[in-house]
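S.K.: Okay, sequence plus prediction incoming.
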Amino acid sequence: MLFKILPGVQAQLDSLIKGDIDVISQFINPNWINDTILNDCNITISTTRRAGFGHVSFNTATWPANQRGLRRALAFAIGKYAISEIAYNNYSRPIDATLTPSVGTWSIEHENSSRQPVGSYYLPDSLRGNHNLLLDGFYDIDQDGWREWFNAARAGISWKETVNTSKFTPDSKNPDLIVASETGLNPSSFDVLNNTIFSDLTSWDEVKVTILGTSGSTIASTVLAQSTLAYHSVGIKATAQHVSFANLITRLDNGDFEAAFFGFTNRSGTGFLEALRTNHSTNAGIWRWSNATHDKLLDVIATSPFFSEALNASIDAQEILWYEQPLVVMYNNLLISVYRVDKFKGWVKPLGGKVASEWSPLKVHLTDLNGTPISGGQLRIDLEYSMSSQNPLNTADTTDLEVLGYIYDTLWKRDPYTLQPIPWLAKDWDIQFVNKTTGEALTALFFKLRYLRITSDFSSMMVHVRRHDEGS
Ligand SMILES: [Ca+2]
């Protein structure tokens, strides 16, 4: 194998067309796929659904993003097909579920849910968006088309537990909307006793939401433009703000944001749901969201020895997220693989991954004139940057890990088509639940290593455990 450092998609595509490399390992924006590539019979393009998604996350510790109605309003009002079309030239599909379809049966996405789907946010539905805003108390009190929120503290009023829905009046954005018969109102959001708050115009604040996204990305600018338009359609004054990626991360960490667009990867099973656990570090650095029922379901997923019980808990947990929308999942884009087929055959396209994965170098082969596989040959792959470390224990750099993945072997791998664990250095393993004297329940993994014809006393052998499932 030979790695060539080629910064930028154009250099990588040029190099592939000239035959200097055999496969592009980097992310390819669909806008780069032109007729030259499409018409080259030595080059193949294939797609696979990414194990991840683009979304808008909310900081649920700040007003107004702490109101579910405001978060759901975006989910309802946004047009998810439009985002996939504009940002990805349709190399993308809308999704609602927090676990992408690439994790198979664990996902509640409509196409593979084992239960009746909870509903869909795919199509823009400003009526339901408006409805959810009204239920949580976002009200266009001065009838100018933008919603306000009653500032109880300034008015010297404390919220009451009782809500008299008969006091609602028609909404300026949707005069036909009937909300008086609705149930499930958030008791913390409204005090309509005596109808006094509706006459006190000075105590209503206009609602404003800023949505962050990185600068220089057409995908980010598309999502931000569509999101602000969606909010405008339901009377929320939303503004897009483009910042550097470093600034975005800092603002997330500091809780200095209301909403932000970025991407997530979830490679396996239900692991991503853990990131939304109340005390999880990812949650503490992004959503600051808490839901005791969701936490309990995660415990079931983590500890249940019964597949169906864990599966049902996963479905229930995703349904809570579907209603609560601490993050509005928007699209599941396709990963585009571009590679030459004139030399090597047998490329592997794993579920949710690209052709340039750990499996292709193991499986590709040259062929003789009769098409019979022959050994040998040099597979050439591009790298965006040079390596910063050759030590797998001290790097999290994607370029480093990509190369190191070909150098270091693991105890087990994932089957590329089913994503189930398969034996590798370990030929078998056993999972046992043990109780220490402290009463603490622990999971113990016992590996039976393959007999390897290597010269070693194993004194320097170490097991390095990396967590891959936390989404960030
Ligand atoms: Ca208004």
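M.R.: Arrived safely. Numbers count the residues shown, from 1 in each chain.

S.K.: helix/strand/coil for Asp342?
M.R.: Classification of Asp342 by DSSP: H, G, I helix; E, B strand; the rest coil places it in coil.

S.K.: show me the contacts for the closest residue to it other than its chain neighbours.
M.R.: Closest residue to Asp342 apart from its sequence neighbours, by Cβ to Cβ, 6 or more residues apart in numbering: Asn42 at 4.1 Å. C-beta coordinates here come from the backbone N, C-alpha and C atoms, glycine included. Asn42 makes contact with 19, 340-342 under the criterion Cβ atoms under 8 Å, 6 or more residues apart in numbering.

S.K.: Next to the ion in this structure, residues from this protein, please.
M.R.: Within the chain, the positions lying close to the ion (Cβ under 5 Å from the ion) are 140, 142, 144, 146.

S.K.: Buried subset of those residues as a PyMOL selection?
M.R.: To isolate the buried ones among the residues of the chain next to the ion in PyMOL, judged by 16 or more other Cβ atoms under 10 Å, type:
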select buried, resi 140+146
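
S.K.: could the residues of the chain next to the ion go into a markdown table alongside pLDDT and secondary structure?
M.R.: As requested, these are arranged in a markdown table below (pLDDT from 0 to 100; DSSP: H, G, I helix; E, B strand; the rest coil):
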| residue | pLDDT | secondary structure |
| --- | --- | --- |
| Asp140 | 86 | coil |
| Asp142 | 83 | coil |
| Asp144 | 88 | coil |
| Trp146 | 93 | coil |
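
S.K.: OK, contacts around the residue of the stretch 151-300 of the chain found nearest the ion?
M.R.: Nearest to the ion, among the residues of the stretch 151-300 of the chain, is Glu206, at 6.1 Å (Cβ to the ion). Glu206 is in contact with 146-148, 237, counting by Cβ under 8 Å, 6+ apart.

S.K.: what about 7 Å?
M.R.: Counting by Cβ atoms under 7 Å, 6 or more residues apart in numbering, Glu206 touches 146, 148, 237.

S.K.: what about the closest residue to the last one other than its chain neighbours, neighbour count?
M.R.: If I follow you right, that is Lys237. Using Cβ to Cβ, 6+ apart and skipping the chain neighbours, the partner closest in space to Lys237 is Lys208 (4.8 Å). Using other Cβ atoms under 10 Å, the number of residues around Lys208 comes to 13.

S.K.: Now that Lys208 has come up, it's in contact with Gln241, right?
M.R.: No - between Lys208 and Gln241 there is no contact under Cβ atoms under 7 Å: 11.7 Å.

S.K.: Doesn't Leu401 lie inside a strand?
M.R.: No - counting by three-state DSSP, one finds Leu401 to be helix, located in no strand.

S.K.: Let me know the secondary structure of the nearest residue to Gln325 once chain neighbours are set aside.
M.R.: Spatial nearest neighbour of Gln325, excluding adjacent residues (Cβ to Cβ, 6+ apart): Arg71 at 4.2 Å. At Arg71 the chain is in helix, as set by three-state DSSP.

S.K.: So, low pLDDT: which residues of the stretch 201-350 of the chain?
M.R.: Applying pLDDT under 70 to the stretch 201-350 of the chain flags residues 267-268.

S.K.: which residues in it form strands?
M.R.: For the stretch 201-350 of the chain, applying DSSP state E, counting those that start in this stretch gives strands covering 204-206, 208-214, 237-243, 259-265, 327-340.

S.K.: so which of these is the most packed in?
M.R.: Stretch with highest mean neighbour count among the strands of the stretch 201-350 of the chain: strand 327-340 (a mean of 23; mean count of other Cβ atoms under 10 Å).

S.K.: list the helices and strands that strand packs on?
M.R.: strand 43-49, strand 52-58, helix 68-77, helix 80-88, strand 92-94 (3 or more Cβ pairs under 7 Å, 6 or more residues apart in numbering; DSSP states H and E).

S.K.: Adding distance to Leu321, mean neighbour count and mean pLDDT, write those out as TSV.
M.R.: What follows is the helices and strands packed on strand 327-340, written out as TSV (distance: least, Cβ to Cβ, whole Å; neighbours: other Cβ atoms under 10 Å; pLDDT from 0 to 100):
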stretch	distance to Leu321	mean neighbour count	mean pLDDT
strand 43-49	20	17	90
strand 52-58	11	24	96
helix 68-77	11	25	95
helix 80-88	16	21	93
strand 92-94	16	22	92
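
S.K.: Help me confirm that Glu111 is found in a helix?
M.R.: Yes - applying three-state DSSP, one finds Glu111 inside a helix.

S.K.: hang on, it packs against Thr100?
M.R.: No - between Glu111 and Thr100 there is no contact under Cβ under 7 Å: 11.0 Å.

S.K.: the more surrounded of these two?
M.R.: Using other Cβ under 10 Å as the criterion, Glu111 and Thr100 rank with Thr100 on top: 24 against 10.

S.K.: and the more buried one, what does it touch?
M.R.: For Thr100, the contact set (Cβ under 7 Å, 6+ apart) comprises 51-53, 107, 266, 332.

S.K.: What pLDDT does the model give it?
M.R.: Thr100 carries a pLDDT value of 90.

S.K.: Now do the SS call for the nearest residue to Gly377 once chain neighbours are set aside.
M.R.: Spatial nearest neighbour of Gly377, chain neighbours left out: Leu366 (4.5 Å); criterion: Cβ to Cβ, 6+ apart. Of the three states, Leu366 takes strand according to three-state DSSP.

S.K.: Tell me how many other residues surround Leu366.
M.R.: Number of residues near Leu366 (other Cβ under 10 Å) recorded here: 16.

S.K.: Touching, it and Leu379? I think so.
M.R.: No - shown here, Leu366 and Leu379 do not form a contact pair, counting by Cβ under 7 Å, at 9.8 Å.

S.K.: Spit out the residues that contact these two alike.
M.R.: When contacts are counted by Cβ under 7 Å, 6+ apart, Leu366 and Leu379 are jointly contacted by Phe344.

S.K.: Return the per-residue confidence for the closest residue in space to Ser203 that isn't next to it in sequence.
M.R.: Counting by Cβ to Cβ, 6+ apart, the nearest residue to Ser203 once its immediate chain neighbours are dropped is Ala155, at 3.8 Å. On the pLDDT scale, Ala155 is placed at 72.

S.K.: burial measure for Ala155, as a count.
M.R.: Neighbours of Ala155 under the rule other Cβ under 10 Å: 15.
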